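Asks: Can you look at this prediction? I've put the sequence above it.
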Amino acid sequence: MYHVILRVLPVILATGIIACSQSDEGSKLNKIISSNLENMKRESLPGAELARKKCITCHYLDRNIFKVGPPLKGIVGRAPTISGVPFEIWDEKALDQWLQDPTGIKPNTLMAIPGIKSAKERTDIIEYLKQF
Ligand code: HEC
């Protein structure tokens, strides 16, 4: 992923500089370019791939729409929408516990996935969730 970024970065920067030098259209282009850069940065995080494999079948990350489970947009730092969990807020620690063993925390949860054993994977996923 990084090598892709390195390859396209100069092109994007050059386009950005040209765009900057041109009035209104330039600033519009600039916005598009910087939001694309943000997306590329986000999608190159190690948690992106993990979330694609393990979460997005059941959750939207980038919109407030229910899928199989509740939307995860802005999840880090907000209160649970689900009942039966002993957390007041989904901070990193609560999310880490939840992802490690959802059925251990809420035996009848519909998020009946095997817990994620690797602490590194859990941290990576949580870091990625913070981007939304
Ligand atoms: C098989 C579908 C499925 C998968 C895969 C899944 N979830 Fe869930 N998730 C659910 C369901 C259903 C709920 C609601 C559970 C309940 O009400 O007990 C839920 C609830 C949650 C909640 C609580 C949300 C809230 O608003 O309180 C979080 C956080 C969460 N999931 C994170 C994740 C993450 C991160 C992943 C990927 C590692 C993931 N889930 C994978 C189905 C899934």
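Replies: Perfect, thanks for sending it.
Asks: can I assume P80 is in contact with W90?
Replies: Yes - judged on Cβ atoms under 8 Å, P80 makes contact with W90 at a distance of 6.1 Å. In this view, the C-beta of every residue, glycine as well, is placed from N, C-alpha and C.
Asks: Neighbour count for the two, which is higher?
Replies: Using other Cβ atoms under 10 Å, the more surrounded residue of P80 and W90 is W90, with 22 against 16.
Asks: Just give the nearest non-adjacent residue to that one, would you?
Replies: I75 (5.3 Å; Cβ to Cβ, 6 or more residues apart in numbering).
Asks: go on, N64?
Replies: P71 (4.8 Å).
Asks: And P102, by the same measure?
Replies: Excluding its sequence neighbours, the residue lying closest to P102 (Cβ to Cβ, 6+ apart) is M111, at 4.7 Å.
Asks: go on, L110?
Replies: Counting by Cβ to Cβ, 6+ apart, L110 lies nearest to G69, which is 7.2 Å off, once chain neighbours are set aside.
Asks: secondary structure class for that neighbour?
Replies: Classification of G69 by DSSP: H, G, I helix; E, B strand; the rest coil places it in coil.
Asks: one step back: from what I can see the residue nearest to N64 touches C55, true?
Replies: No - under the criterion of Cβ under 8 Å, P71 makes no contact with C55, lying 11.3 Å away.
Asks: ok, the two, which is more surrounded?
Replies: The neighbour comparison of P71 against C55 (other Cβ under 10 Å) goes to C55, with 21 against 17.
Asks: who are the neighbours in contact with the more buried one?
Replies: For C55, the contacting residues are 61, 72, 125, by Cβ atoms under 8 Å, 6 or more residues apart in numbering.
Asks: What about the ligand: which of these touch it?
Replies: Among these, proximity to the ligand is found for 72, 125 (Cβ under 6 Å from any ligand atom).
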